[in-house]
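> give me the fold of what follows.
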Amino acid sequence: MLNTTKQAEYPMGRFAGFAGIAVFVAMAGGALAQSYPLRPIRMVVPNLAGSATDAVARMVAQRFTDAWGQQVVVDNRAGASGIIGTELTSKAAPDGYTVQMATSAGLIILPLLTKVPYDSARDFSPITLVVNSPQMLVSHPSVAATNVEELVALARAKPNQLNCASPGTGTSNHLGCEMIKVMTKVDFLHVPYKGTSLAVTDLVGGQVHIMFNSMPAIWPLAKAGKLRALAHGGVKRSPAAPDVPTVAETLPGFQCITWYALIAPRGVPQPIVSKLNGEMVKMLADPPFAKRLIDQGQEPQATTPAELATYMHAESERWALVVKSAGLALKK
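Next up is the predicted model:
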């Protein structure tokens with residue numbers, strides 16, 4: 001005769017065991033989050049020191065340091081339009097002690113243009129969006145144009161004589177110029193640099209004519225008269241530069257926005273991801289901290305990790321259309 005009592009008891013015992021394991025895992029995860037970080041954290045920045053990305057990263061790193069009592073060290077790994085630093089992060093240990101202030105160029109645009117040694121959807125743990133950074137279109141004061149309409153007319157009158165600088169091929173700065181070319185049927189010569197600082201230096205010196213760039217690096221120069229602000233690439237005028245029109249006021253539908261996001265190598269324990277996200281959300285909601293970003297022309301924007309993953313997918317689709325319209329070959 002079968003022992004039905006033991007048969008009936010077995011599933012309950014099994015489920016009780018599973019429940020015990022779940023409680024243990026939850027407790028272990030909570031303990032992991034509470035103890036983290038136990039040593040300094042490296043924040044990789046795939047751009048040169050002094051760039052807009054670097055400036056935001058240093059603000060964030062200092063706030064993490066103040067909040068947790070462990071140094072967050074900014075590690076600038078510029079090169080290949082952001083590929084070098086992003087690859088470094090993808091291969092780091094997934095222990096929460098390497099994070100990256102990533103850019104839309106390295107995560108989204110470059111994989112559409114060339115082969116990169118990482119998969120943005122597979123190789124990273126999204127933490128949160130940090131800022132949207134609308135690009136400002138500026139020119140050297142010698143360029144005979146004070147707005148987008150005049151710039152387009154000048155480019156049409158002098159085909160291939162105006163050049164557009166960028167911190168690298170495949171950056172949103174580069175594609176901003178490509179979008180104007182596509183929308184107006186004019187042409188600019190693209191001049192890629194190895195980083196923002198070099199490009200801005202040559203723009204101020206008059207070696208190049210125009211450039212899209214994040215506001216923190218160029219708005220002070222425009223206010224000082226060393227550059228001329230022609231337009232703003234966001235969907236609305238910036239509170240930091242309310243007198244500068246958007247490109248979309250002349251070319252409806254135009255949008256040139258880069259963004260920075262906090263990411264980590266894939267496989268970082270969820271409690272650590274949650275702790276990093278929670279601190280970033282609190283940081284971006286702090287009025288004085290947010291105001292510092294807004295005054296620079298940045299737009300604070302926190303998300304959940306899942307929201308960031310969804311946003312990255314949508315941005316990949318949007319920029320793929322721009323790349324196709326500009327006739328830039330996809331090199332896989």
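> rest of the way, CA atoms for contacts and neighbours
Fine.
> can you give me the strands for the stretch 101-250 of the chain?
124-139, 163-166, 189-192, 210-214, 228-232 (DSSP state E, counting those that start in this stretch).
> just those strands: most buried one?
Across the strands of the stretch 101-250 of the chain, the average number of neighbours (mean count of other Cα atoms under 10 Å) peaks for strand 210-214, which reaches a mean of 30.
> how far off centre is it?
Offset of strand 210-214 from its chain centre (Cα atoms, centre = their mean, to the nearest Å): 16 Å.
> neighbouring strands for it, and are they parallel or not?
The pairing partners recorded for strand 210-214 under DSSP bridges are strand 124-139 (antiparallel), strand 163-166 (parallel).
> okay, helices next: where are they in the stretch 201-332 of the chain?
Secondary structure of the stretch 201-332 of the chain, counting by DSSP state H, counting those that start in this stretch: helices at 215-223, 270-285, 287-295, 305-325.
> tell me which residues of the longest one are tucked away?
Of the residues in helix 305-325, those buried by neighbour count under the rule 16 or more other Cα atoms under 10 Å are 305, 308, 309, 312, 316, 319, 320, 322, 323.
> closest to residue 96 among these?
residue 305 (14.5 Å; Cα to Cα).
> correct me if wrong: the closest one contacts residue 127.
Yes. In this structure, residue 305 is within contact of residue 127 by Cα atoms under 8 Å, at 4.7 Å.
> so what sits against both of the two?
Counting by Cα atoms under 8 Å, 6 or more residues apart in numbering, the shared contacts of residue 305 and residue 127 are residue 277.
> so where's the protein shaky on pLDDT?
1-32, 329-332 (pLDDT under 70).
> what's the domain layout of the protein?
40-133+257-325, 134-249 (automatic domain parsing).
> now these in CSV, with distance to residue 34?
Below are the domains of the chain laid out as CSV (distance: least, Cα to Cα, whole Å):
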stretch, distance to residue 34
domain 40-133+257-325, 9
domain 134-249, 35
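> got CSV for the buried residues of helix 305-325, with distance to residue 260 too?
Output for the buried residues of helix 305-325, formatted as CSV (distance: Cα to Cα, whole Å):
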residue, distance to residue 260
305, 14
308, 11
309, 13
312, 11
316, 14
319, 16
320, 19
322, 20
323, 20
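> re the thing from before, reformat the strands of the stretch 101-250 of the chain as CSV; add distance to residue 94.
Shown next, in CSV, are the strands of the stretch 101-250 of the chain (distance: least, Cα to Cα, whole Å):
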stretch, distance to residue 94
strand 124-139, 9
strand 163-166, 33
strand 189-192, 33
strand 210-214, 30
strand 228-232, 38
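> among the ones you listed, which is nearest residue 37?
With Cα to Cα, the closest approach to residue 37 among those belongs to strand 124-139: 15.9 Å.
> return the distance of the closest one from the chain's centre.
Centre-to-centre, strand 124-139 and its host chain are 4 Å apart (Cα atoms, centre = their mean).
> now the angle between helix 215-223 and it, please.
On the basis of axes from the mean of the first three to the mean of the last three Cα atoms, to 10 degrees, strand 124-139 is oriented at 10 degrees to helix 215-223.
> the inter-axis angle of strand 124-139 versus helix 305-325?
Put simply, strand 124-139 runs at 50 degrees to helix 305-325, going by the same axes, to 10 degrees.
> got the angle for strand 124-139 vs helix 287-295?
Using the same axes, to 10 degrees, strand 124-139 lies at 50 degrees relative to helix 287-295.
> surely residue 72 is in contact with residue 57?
No. Checked against Cα under 8 Å, the pair residue 72 and residue 57 is beyond contact range at 9.9 Å.
> pull up the overlap in contacts between those two.
Here residue 72 and residue 57 have residue 43 as joint contacts, going by Cα under 8 Å, 6+ apart.
> so what's residue 125 bridging to?
residue 264.
> tell me the spacing between it and residue 156.
Going from residue 125 to residue 156 by Cα to Cα, to the nearest Å gives 45 Å.
> again with residue 77
From residue 77 over to residue 156 (counting by Cα to Cα), the distance is 39 Å.
> please consider this matter closed, and thank you.
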